[in-house]
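# I'd like to go over a predicted model; first the sequence, then the structure.
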Amino acid sequence: MAYRRALRTSCGVLVCAVLWSGCSGEGSEEPTETKGGGASSGAAPSGSEAPAPGPSKLDFRPDPAKAPKTEADARRLAEAAIAGPELWGPGFVKRTPFLSAPGHWPVLDDGCVWQGGTRPPGVLYSLTSYSERPGASGKAPLRVAATITVHRDAEGADWEMADTLEEALRCPEQKLRDGERITQLMSLGSVYGTGSNFTSEDSIGEIGKYHNAAVGGPPQEYGWFQSRLGQVTVALVTKGAEGFSPQEIATSRVEVMVRMMGRVEKQLAGSE
């Protein structure tokens, strides 16, 4: 199993993530920590060539019979694989709301502001979960989110990954919502077997500075990490909080990504 091997090699992934992050400088309203799978249209732009495929994840063998073909299929996969507070670690709880509303699909507009959008036809289903570790003992609330997006095919998922990389280049400064923004955003992509990526066919990491006017104080680290396995993408977002080091957050983020990718692999390949 690929994800079991990844658990043994996660220390290498963590070292890479920690070094990188060290170098980089609510109520009932639906949270907006996550980019909801990005602004991908779910299909290649007209007249464009598909992204060149990277090295194959050789030990991943999807079962064609298990590939989601309908929205109902995709929803079952997303609900089975989505991360809850049990994956993030001790002290984490569900936020309210815990799951995104049906059709939730944020889009980064031309002004680098995240807005509500319409789910592209190439996406069968997308689901985001919201968790947090409540503030205590001098620590501020630590908010995190996880997103699973199921495309009609692997090519659509590949385009989502390409669009995500482009967003950081186009908008190194982004507005999440009033009073919340990201600056100094940098991105890095790694295909399977490079950059300590042993859990997915390709992955993307983004690190930036998170500013929250309501909280004040110095900016915290913002992290967005996304991986693809076949027609499915998995994304995690973390907002730094006072009292938590980037290393603590990176540790939790790596473990959650590895376990979510294991859940996706089990759904697609029927592996034990």
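Noted; the coordinates are in hand.
# strands of this structure, residue ranges please.
With strands called from DSSP state E, the chain shows them at 93-99, 106-108, 114-116, 123-133, 142-151, 174-177, 180-191, 202-212, 220-229, 232-239.
# need those strands in a markdown table with mean pLDDT, can you?
Below are those laid out as a markdown table (pLDDT from 0 to 100):
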| stretch | mean pLDDT |
| --- | --- |
| strand 93-99 | 96 |
| strand 106-108 | 95 |
| strand 114-116 | 94 |
| strand 123-133 | 96 |
| strand 142-151 | 96 |
| strand 174-177 | 95 |
| strand 180-191 | 86 |
| strand 202-212 | 91 |
| strand 220-229 | 94 |
| strand 232-239 | 95 |
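# can you put those in a markdown table and add mean neighbour count and distance to L87?
Glycine gets a C-beta too; all of them are placed from N, C-alpha and C. Formatted as a markdown table, the strands of the chain follow (neighbours: other Cβ atoms under 10 Å; distance: least, Cβ to Cβ, whole Å):
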| stretch | mean neighbour count | distance to L87 |
| --- | --- | --- |
| strand 93-99 | 16 | 12 |
| strand 106-108 | 21 | 23 |
| strand 114-116 | 16 | 25 |
| strand 123-133 | 24 | 9 |
| strand 142-151 | 26 | 8 |
| strand 174-177 | 19 | 23 |
| strand 180-191 | 18 | 22 |
| strand 202-212 | 23 | 18 |
| strand 220-229 | 24 | 14 |
| strand 232-239 | 26 | 10 |
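# of those strands, which is nearest P246?
strand 220-229 (4.9 Å; Cβ to Cβ).
# quick one: list the elements packing against the closest one.
helix 2-23, helix 154-170, strand 202-212, strand 232-239, helix 246-269 (3 or more Cβ pairs under 8 Å, 6 or more residues apart in numbering; DSSP states H and E).
# let's see it at 10 Å
helix 2-23, strand 142-151, helix 154-170, strand 180-191, strand 202-212, strand 232-239, helix 246-269 (3 or more Cβ pairs under 10 Å, 6 or more residues apart in numbering; DSSP states H and E).
# strand 232-239 and the fourth one, what's the angle between them?
Think strand 180-191. 140 degrees (axes from the mean of the first three to the mean of the last three Cα atoms, to 10 degrees).
# packing partners of strand 180-191?
helix 2-23, strand 114-116, helix 154-170, strand 174-177, strand 202-212, strand 220-229.
# list the contacts for the closest residue to Q115 other than its chain neighbours?
Nearest residue to Q115 in three dimensions, chain neighbours excluded: D109, at 5.2 Å (Cβ to Cβ, 6 or more residues apart in numbering). Residues near D109 by Cβ atoms under 10 Å, 6 or more residues apart in numbering: 39, 115, 117, 171, 175.
# can you show me the CA trace of stretch 230-244 as CSV?
Provided in CSV are the C-alpha atoms of stretch 230-244 (Å, rounded to 0.1, in the frame of the first residue of the first chain):
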residue,chain,number,x,y,z
GLY,A,230,-6.5,9.8,-10.4
GLN,A,231,-9.7,11.9,-10.8
VAL,A,232,-9.6,13.0,-7.1
THR,A,233,-7.9,16.0,-5.6
VAL,A,234,-7.4,16.5,-1.8
ALA,A,235,-6.6,19.9,-0.3
LEU,A,236,-5.7,21.0,3.2
VAL,A,237,-5.6,24.6,4.5
THR,A,238,-4.2,25.8,7.8
LYS,A,239,-4.2,29.3,9.3
GLY,A,240,-1.4,29.9,11.8
ALA,A,241,-2.5,31.1,15.3
GLU,A,242,-0.7,32.6,18.3
GLY,A,243,0.9,29.9,20.4
PHE,A,244,1.4,27.4,17.6
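# understood, closing this out.
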